[in-house]
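> What follows is a predicted protein model with its sequence.
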Amino acid sequence: MKILFVSSEAVPYVKTGGLADVSSALPKELKKRGHDVRIILPKYNQIDFQKFNLEPGSITFEIPNFYYEAEIEKIKEPFSELITYFVKCDPYYAREEIYNDYEDNAERFIFFSKAALELLKYIDWKPDIIHCNDWQTGILPALLKNIYCQNPLYQNIWSLITVHNMTYQGVFPREKFNCTGLPEELYNYHALEYWGKISLLKAGLVYADIINTVSETYAKEIQTHEFGWGLEGVLSERKSDLYGILNGIDYEVWDPRIDSHIWYNYDENSLEKKQLNKEKLQQECHLPQSDVPIIGIISRLVDQKGFDLIELIIDQIMQLDLQFILVGMGIPKYHQLFTLIGDYYFEKTAIYFKFDDILAHKIEAGADFFLMPSQFEPCGLNQLISLRYGTIPIVRKTGGLADSIIDLESSPDELGIGFTFDNYDSQELLEKIKKAVAFYEDKNRRQLIIKRCMQKDFSWAVSAQKYEQLYEKALEKNQF
């Protein structure tokens, strides 16, 4: 198949979150499987093109309903030969921030979606599938179905949209509808209208041939009032076209056998080297080198990630015989909270307010447990990474966490690989942390479970095969 992957960010060019990892790893894996995959991104100011062999823009074209032109530049990666196109329009993308709360964000990403479609007029390449991602590309399926389909070039091109997080919906004032160029009658409850405004994500959910999100449980959750954020009705109507596929992780980046960021490489048969990484981590974080469990967190410091639960029980957690390492940035109240915790419990905590990729690798290798008590979690990557490094997850049973982590108490002898709790409740979380600390004392059983964790396969090879099946469903659905 020929697949155009349309995303607002992708590694190694630009990243603010997990979308960038998916937008790199999935296309690479699909290409390995024999598909012709190409990526298209906005050309942001933040991309350091000195690192890449960028081909100068040779295609410039107008965008309907916009004053500015789009110029296309591209990169062909030397190893994978994956082609990435960049939409250059400095008035929209040459800014200090990628997203921010810019008043013209609707225009910026409607322009980008139109440029992705207009590009096909100028290159000798026609995709079978256009894979859209989140609200930034949500308008594209609506444009394809209502305007571009009138041109024979765009007939028999089908679309899929992946929802990475339902809380971000691209909601804008009513007057922004005009720059879509869509017929006025599509401003209605069944199409783009959303409480007197427009929702670009809703446009994608209504008009894409196939919808998916990043775990099976989250696909069910977003059809409910609690997690649908006002679009649960649309998703329920389209439930026959809605699927969940758990993200994978890139084992070329996250693999303790070859990881250049950690002190000692290891696998499930050399766990004594994981212990050496733990000792080095304690040393780097200025923690006593004592034989107590280390609980690690690498996260945005926001309510969604469960920090309000931790706040309620932090003193009780700190009474346990453990060490606690946190790396992340977020809202001020959690910076203040963990500053106080770090000062008061300085002998057993290490708190870093930053995003540090190298330190993240070291924590995954050196910690004993990884804590993710999320209120909701569409997929989650850190629990999958932790499994690969033999770091046992402690998670709330929601979204991708529910799909990937089986509780050691409910399935102790066969499948259990972590500690899970059901309700968003601080006391349930505390009980699981206590059980994890008690579990740490049984070294033989712990090593057995660590090996079981490390043998799990959450690679993109598994997930890519499932995406192939979704693309095929889109093609089959439209065969007449």
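Ah, there it is. Numbers count the residues shown, from 1 in each chain.
> Endpoints of stretch 282-302, how far apart?
26 Å (C-alpha to C-alpha, to the nearest Å).
> Quick check: mean pLDDT of it?
Stretch 282-302 carries an average pLDDT of 95.
> next one: stretch 458-474
Stretch 458-474 comes out at a mean pLDDT of 94.
> and residue 335, how many neighbours?
Residues lying near residue 335 (other C-beta atoms under 10 Å) number 15. (C-beta placed from N, C-alpha, C; glycine too.)
> Quick check: buried residues in the lowest-mean-pLDDT helix or strand in the chain?
Here the helix or strand of the chain ranked lowest by mean pLDDT, DSSP states H and E is strand 54-62, holding a mean of 85. Using 16 or more other C-beta atoms under 10 Å as the test for burial, strand 54-62 gives residue 54.
> just how off-centre is the next helix-or-strand element following it within its chain?
Toward the C-terminus, strand 54-62 is succeeded by strand 69-76 as the next helix or strand (DSSP states H and E). Centroid separation for strand 69-76 versus its chain: 25 Å, with C-alpha atoms, centre = their mean, to the nearest Å.
> which other helices and strands contact strand 69-76?
For strand 69-76, the packing partners by 3 or more C-beta pairs under 8 Å, 6 or more residues apart in numbering; DSSP states H and E come out as strand 54-62, strand 83-88, helix 105-118.
> returning to what we had before: may I have the strands that pair with the least confident helix or strand of the chain, each with its orientation?
strand 69-76 (antiparallel) (DSSP bridges).
> pLDDT of the strand it pairs with, averaged?
The average pLDDT within strand 69-76 is 92.
> could you check the angle helix 105-118 makes with that strand?
Here the directions of strand 69-76 and helix 105-118 differ by 60 degrees (axes from the mean of the first three to the mean of the last three C-alpha atoms, to 10 degrees).
> so what's the nearest residue in space to residue 263 that is not next to it in sequence up against?
In this structure, residue 263 finds its nearest non-sequential neighbour in residue 280, 4.4 Å apart by C-beta to C-beta, 6 or more residues apart in numbering. When contacts are counted by C-beta atoms under 8 Å, 6 or more residues apart in numbering, residue 280 touches 263-264, 362, 366.
> Farthest-apart pair in the residues you listed, please.
Between any two of the contacts of residue 280, the greatest separation by C-beta to C-beta is 10.8 Å, found for 264 and 362.
> list residues touching both of those two?
277, 280.
> Look at these two and report which has more neighbours.
residue 362 (24 against 17).
> Contacts for the strand or helix carrying that one next, please.
For residue 362, the element it lies in under DSSP H and E is helix 357-366. Helix 357-366 is contacted by residues 254, 256, 259, 261-264, 266, 274, 277-282, 284, 294, 296, 298, 325, 327, 352, 370, 382, 385-386, 388-389, 391 when judged by C-beta under 8 Å, 6+ apart.
> Now that we have the helices and strands packed on strand 69-76, can you turn them into JSON lines and tack on distance to residue 220?
Shown next, in JSON lines, are those (distance: least, C-beta to C-beta, whole Å):
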{"stretch": "strand 54-62", "distance to residue 220": "42"}
{"stretch": "strand 83-88", "distance to residue 220": "34"}
{"stretch": "helix 105-118", "distance to residue 220": "28"}
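> Quick one: closest of these to residue 33.
Among these, the nearest to residue 33 by C-beta to C-beta is strand 83-88 (16.5 Å).
> got the CA positions of the helix or strand where residue 400 lies in PDB?
Element membership for residue 400, per DSSP H and E: helix 399-404. Coordinates of each C-alpha in helix 399-404 appear next as PDB, following Å, rounded to 0.1, in the frame of the first residue of the first chain:
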ATOM      1  CA  GLY A 399      -6.700   2.900  28.900                       C
ATOM      2  CA  GLY A 400      -3.500   1.500  27.700                       C
ATOM      3  CA  LEU A 401      -2.300   0.700  31.200                       C
ATOM      4  CA  ALA A 402      -5.200  -1.700  31.600                       C
ATOM      5  CA  ASP A 403      -4.400  -3.300  28.300                       C
ATOM      6  CA  SER A 404      -0.700  -3.800  28.900                       C
END
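> What is the helix or strand just after that helix packed up against?
Counting by DSSP H and E, the next helix or strand C-terminal to helix 399-404 is strand 419-421. Packed against strand 419-421 by the contact rule (3+ C-beta pairs under 8 Å, 6+ apart) you find strand 392-396, helix 426-440.
> Walk me through which strands strand 419-421 pairs with, and which way each runs.
Using DSSP bridges, the strands paired with strand 419-421 are strand 392-396 (parallel).
> quick one: low-confidence ranges for the stretch 51-200 of the chain?
For the stretch 51-200 of the chain, no stretch has pLDDT under 70.
> on that earlier part again, so of the contacts of helix 357-366, which ones are in helices?
Judged by DSSP state H, the contacts of helix 357-366 include 274, 277-282, 284, 382, 385-386, 388 as members of helices.
> On the three-state scheme, the nearest residue to residue 195 once chain neighbours are set aside is what?
Closest residue to residue 195 apart from its sequence neighbours, by C-beta to C-beta, 6+ apart: residue 230 at 7.4 Å. Following DSSP: H, G, I helix; E, B strand; the rest coil, the label given to residue 230 is coil.
> Can you give me the separation between residue 230 and residue 166?
From residue 230 over to residue 166 the distance is 9 Å, taken as C-beta to C-beta, to the nearest Å.
> Where do the domain boundaries of this protein fall?
Using automatic domain parsing, the domain ranges for the chain come out as 2-248+461-477, 271-457.
> hang on, the earlier thing: more neighbours: which of residue 230 and residue 166?
residue 166 (23 against 14).
> Can you classify that one by secondary structure?
Residue 166 - assigned by three-state DSSP - is coil.
> Residue 145 too?
Under the three-state scheme (three-state DSSP), residue 145 adopts helix.
> Identify the residue spatially nearest to it, adjacent ones excluded.
Excluding its sequence neighbours, the residue lying closest to residue 145 (C-beta to C-beta, 6+ apart) is residue 207, at 4.6 Å.
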